[in-house]
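1. Next one to model:
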Amino acid sequence: MPELPEVETVRRGLAPVLEGARLDRVEARRPDLRFPFPEGFVQRLTGARIETLERRAKYLLARLDRGQALVMHLGMTGRFEIEGGTAARRPGDFHYAAAADPRHAHVVFETDAGVRVTFFDPRRFGYMGLVDLDGIEAHPWFAGLGPEPLSPDFTAKGLAEAFAGRKQSVKAMLLDQRVVAGLGNIYVCEALHRAGVSPERPAGRIARARLEAIAAAVREVLAEAIEAGGSTLRDYAAADGALGYFQHSFRAYGREHEPCGRDGCRGVIRRIVQSGRSTFYCPEHQR
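-> So this is what the prediction gives:
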């Protein structure tokens, strides 16, 4: 599933054509995605102007001039294509050249500038909704979300408070969206590898200095991934809908049995399963 850098990459690709644009035409080609569209979805969007396009955790939020936000979640295989002005393109610098299947084009937005933005989703695990801006943080999709990992609110002090007395593994706690919003399996593996912390270590038994290292590694990994165009993931939907990561960019994830690569470390990357998810780490330097 796309993680925070992938969603941020999509946001940055869509922002130049959607921010400030008025939606002249909206088409929903089916009544639902993962969830039904809200009542009057097309009518409530048609004519609205998008003031800003933001990201909260793994959600895209298009703030409208009507006091609401169009909230969009990519699910597993959701993606956008942009047409108008130049050749059709996808937000971001993409690796796979597979053409989007028109059978999976579920929502179309046409702007007053003549740009068409189409949402494709073969598996239909993505979803969209309209949420009042007043009190949006209390909406079930956002209530209880932790701080954004790239914001000043994400600190070692906050981690210490969240981890205090907890016996769960540090990896499980970092994946808890109430602790930090938007982190997923891949980037938690990468951050813990850089911080030198075992993914199996109980969260409540991590010293403050190591929490500082974890927080710094999370910020570093995410910033690099976004700069690379979404984690090194150029296009997470190949022709068969499978995820398409550039795994050579990862230091731990997907590198089972390969040398660790950390300077001075002679360890070999190991794979274990935690809560049904693959964890990749180096038992030599991650303690």
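2. all strands of the stretch 101-250 of the chain, in order?
-> Applying DSSP state E, counting those that start in this stretch to the stretch 101-250 of the chain gives strands spanning 105-111, 116-120, 127-132.
3. Distance check, the closest residue to Arg201 other than its chain neighbours against Phe80.
-> Closest residue to Arg201 apart from its sequence neighbours, by Cβ to Cβ, 6 or more residues apart in numbering: Val170 at 5.2 Å. Where C-beta positions appear, they are placed from N, C-alpha and C, glycine not excepted. Distance of Val170 to Phe80, given as Cβ to Cβ, to the nearest Å: 34 Å.
4. can you check Pro259 too?
-> 38 Å.
5. So between those two, which is more surrounded?
-> Using other Cβ atoms under 10 Å, the more surrounded residue of Pro259 and Phe80 is Phe80, with 24 against 12.
6. Could you pull out the helices in the chain for me?
-> For the chain, applying DSSP state H gives helices covering 4-18, 41-45, 156-163, 170-175, 185-195, 208-227.
7. what number of residues lie near Gly78?
-> So Gly78, with other Cβ under 10 Å, has 29 neighbours.
8. Name the nearest residue to it, sequence neighbours excluded.
-> Using Cβ to Cβ, 6+ apart, the nearest residue to Gly78 is Gly126, at 3.3 Å.
9. list the contacts for the residue lying closest to Phe41 once chain neighbours are set aside?
-> Nearest residue to Phe41 in three dimensions, chain neighbours excluded: Ala28, at 5.9 Å (Cβ to Cβ, 6+ apart). Shown in contact with Ala28 (Cβ atoms under 8 Å, 6 or more residues apart in numbering): Phe37, Phe41, Val42, His106, Val107.
10. so how far is Leu150 from Ala28?
-> As for Ala28, its distance to Leu150 is 33 Å (criterion: Cβ to Cβ).
11. Which one (most neighbours) among the contacts of Ala28?
-> Going by other Cβ under 10 Å, Val107 tops the contacts of Ala28 with 24 neighbours.
12. What residues are bridge-paired with that residue?
-> Here Val107 sits in beta bridges with Ala28, Phe119, going by DSSP bridges.
13. isn't it right next to Thr118, touching?
-> Yes. At 7.2 Å, Val107 counts as touching Thr118 under the criterion of Cβ atoms under 8 Å.
14. quick one, domains of this structure?
-> Under the assignment automatic domain parsing, the domains of the chain span 4-138, 156-281.
15. ends of the last one, how far apart?
-> Using Cα to Cα, to the nearest Å, the gap from the first to the last residue of domain 156-281 comes to 22 Å.
16. could you give the mean pLDDT of it?
-> Averaging pLDDT along domain 156-281 yields 86.
17. what does stretch 71-91 give?
-> Averaged across stretch 71-91, the pLDDT comes to 77.
18. Can you give me the separation between Arg79 and Leu14?
-> Distance, Arg79 to Leu14, by Cβ to Cβ: 11 Å.
19. next one: Arg55
-> Applying Cβ to Cβ, the value for Arg55 to Leu14 is 10 Å.
20. more crowded one of the two?
-> When Arg55 and Leu14 are compared for neighbours, Leu14 comes out ahead with 22 against 19, by other Cβ under 10 Å.
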